[in-house]
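*Asks:* just to be clear, the model below is a prediction. Sequence and coordinates:
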Amino acid sequence: MLLTAAIDDRYEQGQIASRIGIQADAAVFNQKSDLWSQIQQTHQERPLSCVLIDEAQFLSKQQVQALSDVVDELNIPVLAFGIRTDFKGELFEGSQALLAWSDKLIELKTVCHCGSKATMVIRLDAQGIPVKEGAQVEIGGNDRYLSVCRKHFKEAVRD
């Protein structure tokens, strides 16, 4: 079963798309979605081998805990993919809960323009200038966000 955040409509709502062009239809979730019931019902209709969640940073703490019930009670592996922090270096609620409740964390490595490991993201305006203020959630792709190392993140957000 594939799930993605309803808020992410860069491609089409209910679409998971990779940067290399692979796409798949997915059920959507928002902050009010009852993931336990949704997954349990789908599992009764057709046995699930795995649940994959894209944009997992948009999960709520309660949803992450419900996903742990999916693993522990339904014995269905849950793979959640998302970013850890926002453009201000603050944890997303879903990311924080996943860091606390996950059995296993695997970091997919990204590289900063300097060659160091990229662990942060910078939000860019239309002119490519780093944005320092604004709402935590603003949907965008490579045109709006740049992955960088901590050093370059600090340089970009310094006043």
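*Replies:* Noted; the coordinates are in hand. Numbers count the residues shown, from 1 in each chain.

*Asks:* from residue 115, how far off is residue 81?
*Replies:* Taking CB to CB, to the nearest Å as the criterion, residue 81 is separated from residue 115 by 24 Å. Where you see a C-beta, it was placed from the backbone N, CA and C, and this is true even at glycine.

*Asks:* what about those two, which has more around it?
*Replies:* Neighbours were counted for residue 81 and for residue 115 using other CB atoms under 10 Å; residue 81 has more, 15 against 8.

*Asks:* and that one, what pLDDT?
*Replies:* In this model, residue 81 is scored at 92, pLDDT.

*Asks:* packing partners of the lowest-mean-pLDDT helix or strand in the chain?
*Replies:* Averaged element by element with mean pLDDT, DSSP states H and E, the chain has its least confident helix or strand at strand 15-17 (a mean of 74). If you count contacts as 3 or more CB pairs under 8 Å, 6 or more residues apart in numbering; DSSP states H and E, strand 15-17 packs onto strand 2-5, strand 23-25.

*Asks:* below-threshold pLDDT in the protein: ranges please.
*Replies:* Residues of the chain that meet the criterion pLDDT under 70 lie in 8-11, 13, 19, 135, 137-143, 159.

*Asks:* excluding sequence neighbours, find me the nearest residue to residue 31.
*Replies:* In space, and not counting its chain neighbours, residue 31 is closest to residue 60: 5.4 Å by CB to CB, 6 or more residues apart in numbering.

*Asks:* right, and the one you found touches residue 96 too?
*Replies:* No: here residue 60 lies out of contact with residue 96, judged by CB atoms under 8 Å, at a distance of 10.6 Å.

*Asks:* now the biggest helix by length in the chain, how far from the centre of its chain.
*Replies:* Of all the segments assigned as helix in the chain under DSSP state H, the longest by residue count is helix 61-74. For helix 61-74, the separation from the chain centroid amounts to 17 Å (computed by CA atoms, centre = their mean, to the nearest Å).

*Asks:* can you point out the buried residues in it?
*Replies:* By neighbour count on 16 or more other CB atoms under 10 Å, the buried set for helix 61-74 is 63, 64, 66, 67, 68, 70, 74.

*Asks:* using CSV, write out every CA atom in it.
*Replies:* Provided in CSV are the C-alpha atoms of helix 61-74 (Å, rounded to 0.1, in the frame of the first residue of the first chain):
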residue,chain,number,x,y,z
LYS,A,61,2.6,12.1,16.2
GLN,A,62,-0.6,10.0,16.7
GLN,A,63,-0.3,8.7,13.1
VAL,A,64,3.2,7.6,13.7
GLN,A,65,2.1,5.8,16.8
ALA,A,66,-0.7,4.2,14.8
LEU,A,67,1.8,3.0,12.2
SER,A,68,3.8,1.4,15.0
ASP,A,69,0.5,-0.5,15.8
VAL,A,70,0.4,-1.6,12.1
VAL,A,71,3.8,-3.1,12.5
ASP,A,72,3.3,-4.6,16.0
GLU,A,73,-0.3,-5.9,15.6
LEU,A,74,-0.8,-6.5,11.9
